[in-house]
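Q: Got a sequence here, can you model it:
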Amino acid sequence: MEPRIKICGITNREDAEKAVEYGADALGFVFYTNSPRFITPQEVVMLTTSIPVFVSKVGVFVDLGIEEVRKIANEVGLEAIQLHGNESREYCKGFYQPVIKAFRMKNIETLIEMRDYEVSAFLLDAFSSNSLGGTGKKFNWDWALRAKVYNRPIILSGGLTPDNVGEAVRTVHPYAIDVSSGVESVPGKKDHIMMRDFIQACKKV
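A: Residues are numbered from 1 along each chain as shown. Just a heads-up that it's a prediction; the model follows:
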């Protein structure tokens, strides 16, 4: 089965529309002010007016107050909430939308942290001491295979490009693929050729 494809770090209407045109299943919007891909809820509302209803809007948050996350989710109409910080197990239970908990795979011990989280999906990203995501770095995909023991959908991220995403899908067979920097010309601006080639590579597997 083809993995679902999420293009993350969308900051403008043209990138959003091209991602949908090429076959993306979901768009990710980063509500973390320290990110070069930060976008405001008001901007997301404006640029998604032409997005088909069957394309999911996913909000990315980092250690933001739970009430503020709920407010943004309702304002934007998010279909899912993706948490990239140090959010606790209890925090993750505070939403009616599906919650995706991201884990930065520093080593095999990171898998132990995932054990107690009752969320809708795990997103596995590469670890960096300087960034919480969008690093362009890869991690050991064997760890993603081991994470399946928790019976949660696995969303694979970290260092994926049009050149290696096919291998990633064949190796891990993830529920979904998430990409940001791997299809960018500069942080926050997508390269449309790379985005097209990335989505096609996912679908050819």
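
Q: my guess is L64 contacts F31, does it?
A: Yes. At 7.1 Å, L64 and F31 qualify as touching, with contact defined as Cβ atoms under 8 Å. From N, CA and C alone the C-beta is placed, and that goes for glycine too.

Q: Give me the more crowded residue out of those two.
A: With neighbours defined as other Cβ atoms under 10 Å, L64 and F31 compare such that F31 has more, 24 against 17.

Q: mind listing what the more buried one touches?
A: Neighbouring residues of F31 by Cβ atoms under 8 Å, 6 or more residues apart in numbering: F38, I39, T40, P41, G59, V60, F61, L64, I72.

Q: Tell me which other helices or strands the helix or strand of the chain with the lowest mean pLDDT touches.
A: Least confident helix or strand, the chain: helix 110-114 with a mean of 91, by mean pLDDT, DSSP states H and E. Secondary-structure packing of helix 110-114 (3 or more Cβ pairs under 8 Å, 6 or more residues apart in numbering; DSSP states H and E): strand 99-105, helix 141-147.

Q: Now do the first one: everything it contacts.
A: The set of residues external to strand 99-105 that reach it, using Cβ under 8 Å, 6+ apart, is 58, 80-84, 87, 92-93, 110, 113-114, 117, 119-128, 132-133, 139-140, 143-144, 155, 157-158.

Q: For PyMOL, what selects the buried ones among those residues?
A: A single PyMOL command is used to select the members of the contacts of strand 99-105 judged buried by 16 or more other Cβ atoms under 10 Å:
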select buried, resi 58+80+81+82+83+84+87+92+110+114+117+119+121+122+123+124+125+126+127+132+133+139+143+144+155+157+158
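
Q: Could you list which of the contacts of strand 99-105 belong to helices?
A: Cross-referencing the contacts of strand 99-105 against helices under DSSP state H gives C92, T110, E113, M114, W143, A144.

Q: The protein: strands as residue ranges?
A: Assigned by DSSP state E, the chain shows strands spanning 4-7, 26-30, 56-61, 80-83, 99-105, 121-126, 154-156, 176-179, 184-186, 189-190.
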